[in-house]
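Peer 1: Need coordinates for the following:
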Amino acid sequence: DSYIFGEYKLGGIYRISSGGKGCDFDECKVPKSPFEDTQVEFSDATATVAMMFGPYNRNNGPPTKALFFLTRGAGRGSNEKARPEGLVRISYNGVAKVANDRPVAAINADIRIGFNPLTVEFDGTASTDPDGVDGSLKFAWDFDGDGKIDATSAKPSFIYKEPGVFTARLTVTDAGDATDTTSVDITVDNSPPAPIISTPSQDEVHFAVGDSIRLVASANDSEDGTLPSSAFNWEIRENHGGFYHTIASKKGNDLTFIMRSPIGFQDAGAAVVEAVVTATDSRGLSSSAVKILRPKVHNIQVDSEPSGLDVMVFGQVVQTPKTLATWEKQPVTVEALGDESHQFDSWSDGGDQLHTFVAGSSELNTIVAYFEPMKKDVTTADALAVSESKPRDDMKDITEENSQPPSTVLVEST
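Peer 2: Got it, this is the predicted structure:
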């Protein structure tokens, strides 16, 4: 039996099975299950954000199921191959071939925007066939979208002599006559706009949580001139190096954004916020500009007295002392946990056992949880045991009385 899971931060898909000891997340490059100290990489699509099993009917064969997953963008997989983008399917082909799998068409164009006469070199050799061998695919190209086949080689070229946006389509056919089609847009006699972010004027802006940042952009287009406010779209991203979260999307060329706390705290010290503006001209061409917004990062040290006890920070249990990176003015939630021998007494800032404080502007902010030895509840049974263990002063008299011969008691009946 196996369990397949996706890990959002690293993005991979992994298979685990029972057996083995596992390890803690902080000590593993990839999170591992408590059932196994090694994992099998099920897929090198290192950008997986969601997945589920769903119905799949392979080439009109018997109905079955396949694994469907979404990725957060194109890039390179762990084996340095181009990783899939968008919605991807993993299906089981079986040991014996009972049906022909469809090929997958892929286009590369050396240039996609230019002025006529525009010569474009196309390349379809990245197309694949799960069932075939190299060279088994047939190619059919329609460069201008008129429905006619313009070329049948794997790497043709075409000259665009008229202005406009043209959809170049490639259809590939395998030996079993299964087909797949893909396309790419070629823009002739139109150049993309050139957006700039004028506010903030600095190359990099440093902020604290809660700060208000004004974002102003403009763009000139060779064909349209100065673009209106409706041509601008903003995306505010929290970038963690290998991936990012979109935290806001807005339209317009002049807006204000309130800086929020980071999504996670484990790598908050390395995260930055990117303000990305995209300007689109009247014919659909677009380009983007980016402004880097850097948080003011400070460390907090969570400790306890005595040291080495457990506290909860941002909902995760840590052992003291623990130093974490935070953004200035970021709310930090802590809870003193202790152990079976220690109970909570107080926090150094006077807060409740579970409370939230705001990270300050000092280079190192320290907060300490004070504990005291656990007080044992005295039960009735405990009290009786203690009482019986103590010598009684009247035991001597009782003993002496019991040592005398018993008295005779006469009972008369009437």
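
Peer 1: pretty sure residue 90 contacts residue 56?
Peer 2: No. Contact between residue 90 and residue 56 fails when scored by C-beta atoms under 8 Å: they sit 9.8 Å apart. C-betas here are computed from N, CA, C, even on glycine.

Peer 1: Mutual contacts of these two, please.
Peer 2: residue 66 (C-beta atoms under 8 Å, 6 or more residues apart in numbering).

Peer 1: can you pull out the helices in the stretch 251-400 of the chain?
Peer 2: 380-389, 395-403 (DSSP state H, counting those that start in this stretch).

Peer 1: Can you list the low-confidence ranges for this protein?
Peer 2: Where the chain drops to pLDDT under 70, the residues are 1-2, 7-11, 16-46, 58-62, 73-85, 93-99, 133-135, 376-414.

Peer 1: what about 80?
Peer 2: 1-49, 57-64, 71-86, 90-101, 131-135, 203-204, 241-242, 264-267, 375-414 (pLDDT under 80).

Peer 1: tally of neighbours for residue 71?
Peer 2: If you count neighbours by other C-beta atoms under 10 Å, residue 71 ends up with 22.

Peer 1: What of residue 13?
Peer 2: 20.

Peer 1: who does it bridge with?
Peer 2: Taking DSSP bridges as the rule, residue 13 bridges to residue 6, residue 43.

Peer 1: ok, now residue 151?
Peer 2: Residues in beta-bridge contact with residue 151 (DSSP bridges): residue 141.

Peer 1: my read: it touches residue 158, true?
Peer 2: Yes. Between residue 151 and residue 158 there is a contact under C-beta under 8 Å: 7.3 Å.

Peer 1: Need the residues touching each of these two.
Peer 2: Applying C-beta under 8 Å, 6+ apart, one finds that residue 151 and residue 158 are jointly contacted by 122, 141, 143.

Peer 1: mind listing what the residue lying closest to residue 356 once chain neighbours are set aside touches?
Peer 2: Nearest residue to residue 356, sequence neighbours excluded (C-beta to C-beta, 6 or more residues apart in numbering): residue 333, at 4.6 Å. If a contact means C-beta under 8 Å, 6+ apart, then residue 333 has 313, 314, 315, 354, 355, 356 as its contacts.

Peer 1: quick one: which of those residues is nearest residue 114?
Peer 2: Checking the contacts of residue 333 against residue 114 by C-beta to C-beta gives residue 314 as the nearest, at 50.8 Å.

Peer 1: ok, now how distant is the closest one from residue 212?
Peer 2: To residue 212, residue 314 is 25 Å away according to C-beta to C-beta, to the nearest Å.

Peer 1: Give me the distance between residue 287 and residue 247.
Peer 2: Applying C-beta to C-beta, one obtains 22 Å for the distance of residue 287 from residue 247.

Peer 1: what does residue 141 give?
Peer 2: With distances taken as C-beta to C-beta, residue 141 is found 42 Å from residue 247.

Peer 1: So for these two, which residue has more residues nearby?
Peer 2: A count of neighbours by other C-beta under 10 Å puts residue 141 above the other of residue 141 and residue 247, at 20 against 15.

Peer 1: Go ahead and confirm the more buried one touches residue 150.
Peer 2: Yes. Distance between residue 141 and residue 150: 5.3 Å, which falls inside the contact criterion (C-beta under 8 Å).

Peer 1: Which residues are in contact with each of these two?
Peer 2: Taking C-beta under 8 Å, 6+ apart as the contact rule, residue 141 and residue 150 both touch 156, 158.

Peer 1: More neighbours: which of residue 314 and residue 212?
Peer 2: Set side by side, residue 314 and residue 212 show more neighbours around residue 314, with 18 against 9, by other C-beta under 10 Å.

Peer 1: dump the residue contacts of that one.
Peer 2: Residues near residue 314 by C-beta under 8 Å, 6+ apart: 265, 332, 333.

Peer 1: Pull the contacting residues for the first one.
Peer 2: The one in question is residue 265. Shown in contact with residue 265 (C-beta under 8 Å, 6+ apart): 313, 314, 324, 325, 326.

Peer 1: Residue 129: neighbouring residues, count only.
Peer 2: For residue 129, the count of nearby residues is 22 (other C-beta under 10 Å).

Peer 1: how close does the closest residue to residue 115 other than its chain neighbours get to residue 163?
Peer 2: Excluding its sequence neighbours, the residue lying closest to residue 115 (C-beta to C-beta, 6+ apart) is residue 189, at 5.4 Å. Relative to residue 163, residue 189 is positioned 3 Å away (C-beta to C-beta).

Peer 1: Spit out the residues that contact the two alike.
Peer 2: Contact criterion C-beta under 8 Å, 6+ apart; residues shared by residue 189 and residue 163: residue 116.

Peer 1: Is residue 164 bridged to anything, and to what?
Peer 2: Counting by DSSP bridges, residue 164 is bridged to residue 188.

Peer 1: Any idea how many residues pack against the closest residue to residue 232 other than its chain neighbours?
Peer 2: Take residue 232 and drop its neighbours on the chain: the residue closest to it by C-beta to C-beta, 6+ apart is residue 253, 4.4 Å away. Counted by other C-beta under 10 Å, the residues lying close to residue 253 total 22.

Peer 1: about what we covered before: a markdown table for the contacts of residue 265, including distance to residue 340?
Peer 2: Shown next, in a markdown table, are those (distance: C-beta to C-beta, whole Å):
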| residue | distance to residue 340 |
| --- | --- |
| 313 | 21 |
| 314 | 24 |
| 324 | 26 |
| 325 | 31 |
| 326 | 30 |
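
Peer 1: Need the buried ones from those residues selected in ChimeraX.
Peer 2: Buried residues within the contacts of residue 265, by 16 or more other C-beta atoms under 10 Å, are selected in ChimeraX with:
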select :313,314,324,325,326
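
Peer 1: out of the contacts of residue 265, which one sits closest to residue 296?
Peer 2: residue 326 (9.7 Å).
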